[in-house]
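Asker: Kindly return the folded structure for what I paste below:
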Amino acid sequence: MKITKAVIPAAGLGTRVLPATKSIPKEMLPIVDKPAIQYIVEEAAAAGITDILIITGRGKSAMEDHFDRAPELEERLLRSGKQALCDEVAGISRIANIQYVRQKETKGLGHAVLCAKSFAGDDPFAVLYGDDVVIGEKSATGELCEAFERYGKGVLGLKKIPLDKIGKYSSVRYETGPDGEKQVGDMIEKPSPDQVMSPYAIIGRVVLPPSIFEILERTAPGAGGEIQLTDAMRELAVREGMIGVEYSGTRFDMGSKAGIIEAILTVGVSHPEIGPEVRELIRRMAASL
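Answerer: Numbers count the residues shown, from 1 in each chain. Here you go, the predicted model:
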């Protein structure tokens, strides 16, 4: 079954990058000249997603404004002879059909996904974590959707994490299937060293069947006192099995200061307008260290 719906949880407070996020949603922090949330929406659209639900919270209306039309701005650009820029700005509103719903309480990622129950209905859907921008030649979401269409099971986007850092993420147990696929049968959120199942963690992208909602509705608060999506996916993996896909793109953690700088520099060095300047800047900075 082809995946056409996606959910982007983006209601977090962005406490790791305060004070910048006191009045600006972290999802709207720019990577050179596009906000992080636009990269995520474009990745979903590149995977064939047509309908997107963004889970927002108080103070997040800037995201809605960004994906709306701006007639006054577009008119000003046209009068200034900036047709290409006007077309780019206007095109943002046509990337996908975007809806919004507020997560009225920050009860965790699992609770945020549960807010999408009526949107998803009986359809499988992708989840693109709002903190994670993935940049690569292929759409990471597209790679997961292809696996879902092939195997008919929920799919986890995986990355290998150094064992001394995996305690901040999750860890999955898997067996290698006949096609070389990772058949995931168990997982744990924020494992202690003796609980680590493998160096692979769920990072930023999953595709889920609608049966996840029945599980989420009875999932008790877990790590951090929040309803953890990983806990619900663990039951799904034990009950139905899941597939793990180590997607090919590079993930940037836009909820961290270092991740934001890394994303800006990575995009900046290949940017058609400022690439040479950024590369020269990096050379000068490296020489002075």
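
Asker: Now residue 170. Its backbone dihedrals?
Answerer: Phi and psi for residue 170, reported as degrees, to the nearest 10, are phi -140, psi 180.

Asker: Show the model's pLDDT score for it.
Answerer: At residue 170, the pLDDT value in this model is 90.

Asker: pretty sure it is touching residue 190, no?
Answerer: Yes - taking contacts as Cβ atoms under 8 Å, residue 170 lies within contact range of residue 190: 6.9 Å. Every residue, glycine included, has its C-beta placed from N, CA and C.

Asker: Give me the local confidence score for residue 118.
Answerer: According to the model, residue 118 carries a pLDDT of 95.

Asker: And for it, the neighbour number?
Answerer: 9 (other Cβ atoms under 10 Å).

Asker: hey, where'd the strands end up in the stretch 101-250 of the chain?
Answerer: All strands of the stretch 101-250 of the chain, identified by DSSP state E, counting those that start in this stretch, fall at 125-128, 132-135, 154-160, 170-176, 182-189, 200-208, 242-246, 250-253.

Asker: mind giving me TSV with those strands and columns for distance to residue 284 and mean neighbour count?
Answerer: Putting those into TSV (distance: least, Cβ to Cβ, whole Å; neighbours: other Cβ atoms under 10 Å) gives the following:
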stretch	distance to residue 284	mean neighbour count
strand 125-128	36	27
strand 132-135	25	23
strand 154-160	32	24
strand 170-176	40	19
strand 182-189	42	20
strand 200-208	33	26
strand 242-246	36	22
strand 250-253	23	20
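
Asker: And those strands: which comes nearest residue 25?
Answerer: Evaluated over the strands of the stretch 101-250 of the chain, closeness to residue 25 peaks at strand 132-135, with 13.9 Å, by Cβ to Cβ.

Asker: would you list every one of the helices in the stretch 51-200 of the chain?
Answerer: Defined through DSSP state H, counting those that start in this stretch, the helices belonging to the stretch 51-200 of the chain, from first to last, are 61-66, 71-79, 83-91, 109-114, 117-120, 140-151.

Asker: deepest of those, which one?
Answerer: Each of the helices of the stretch 51-200 of the chain was given a mean neighbour count from mean count of other Cβ atoms under 10 Å, and the largest, a mean of 24, is that of helix 109-114.
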